[in-house]
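> Just the structure for this:
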Amino acid sequence: MKQILFFVSIAIVLMSCQSNQSSKPITENTSNSHEVVVREVMQVGSYTYLFVKENGNEFWVATTPIEAKVGETYYYEGGFEMKNFKSKELNRVFESIIFLEGISAQPIGTDANGEAVSPGATQAKSAKLEINISPAEGTITIAELFSNKSKYAGKTVKVKAQVTKFSPEIMDKNWIHLQDGTQSEGDFDLTVTSKETVKEGDIVIFEGSITLDKDLGFGYFFKVLMEDASLVKGV
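Reported below is the predicted structural model:
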């Protein structure tokens, strides 16, 4: 069974592990599908933390924000378990927590090809927004970056775009999605890793190094990734 892609800010927890943290894919059963009952809910920034119970076992999971309530039943597939994960927003260390792409109030179904379909997967995909950002001097468009990615591999480039998603403090990095209104063969969303803090809707110029075909395993793959990016002032 193919793994369902996480929302990007979670998939990348594999990229840079600290000495006091570790991660592993969850593969306890052959179906990889789970049914849990919520025991506690904590809403924090970009995540919903749920303390859940499954077959007598209680544990924490984290997912994209949902309006969950104690006593409700949810379903999910896969996930990545983080050991000794510290949430700065909660000022708390979780001995173990499972990061999810999404979680659903409905059982996991299958598509026409018999592949597992998680409702959370659809919610996590980036949608192309109606954005029209004029390039600044010295920047390239997202379309140019994707259409000529080999040209920019290993090089430092600048991109002016709008922040469409911000996932903070995952393994000591912030993960940012950018769009500028351009696209190349359906690619319109650029993922950036950075120490910088931004907000959704901000117009920014990021400068960073381009990595191509970043394969994290388990289906997590980036055609283009801008790493260790810094904000260029004076947008």
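
> burial count for K155?
Residues near K155, counting by other C-beta atoms under 10 Å, number 8. In short, each C-beta sits where N, CA and C put it, glycine included.

> Next, it: phi, psi?
Main-chain torsions, K155, degrees, to the nearest 10: phi -100, psi 160.

> Quick check, it in contact with T211.
No: K155 is beyond contact range of T211, at 10.4 Å (criterion: C-beta atoms under 8 Å).

> Output the below-cut-off pLDDT ranges for the protein.
The model of the chain has pLDDT under 70 over residues 1-31, 108-126, 170-171, 216-220, 234-235.

> Domain-wise, how is it divided?
8-124, 142-231 (automatic domain parsing).

> nearest to A136, of the ones you listed?
Among the domains of the chain, the nearest to A136 by C-beta to C-beta is domain 142-231 (4.8 Å).

> Might you calculate how far the closest one sits from the centre of the chain?
Here the centre of domain 142-231 is set off from its chain's centre by 12 Å, with C-alpha atoms, centre = their mean, to the nearest Å.

> For the residue of the chain most remote from its centre, which residues are in contact?
Distance from the C-alpha centroid of the chain, by C-alpha atoms, centre = their mean, peaks at E137 (30.0 Å). Not one residue lies near E137 by C-beta atoms under 8 Å, 6 or more residues apart in numbering.

> one step back: nearest to I131, of the domains of the chain?
domain 142-231 (4.1 Å).

> Tell me how far Q179 lies from E58.
40 Å (C-beta to C-beta, to the nearest Å).

> Quick check: the residue farthest from the centre of the chain is in a helix.
No: applying DSSP: H, G, I helix; E, B strand; the rest coil, one finds E137 to be coil, outside a helix.

> Just the strands from the chain, written as ranges.
In the chain, the strands defined using DSSP state E lie at 22-25, 33-44, 47-54, 57-63, 73-77, 80-87, 92-99, 109-110, 116-117, 156-170, 173-179, 190-194, 203-217, 220-231.

> Can I get these in a markdown table including distance to N132?
Formatted as a markdown table, the strands of the chain follow (distance: least, C-beta to C-beta, whole Å):
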| stretch | distance to N132 |
| --- | --- |
| strand 22-25 | 39 |
| strand 33-44 | 33 |
| strand 47-54 | 31 |
| strand 57-63 | 32 |
| strand 73-77 | 37 |
| strand 80-87 | 36 |
| strand 92-99 | 34 |
| strand 109-110 | 37 |
| strand 116-117 | 34 |
| strand 156-170 | 10 |
| strand 173-179 | 10 |
| strand 190-194 | 16 |
| strand 203-217 | 11 |
| strand 220-231 | 21 |
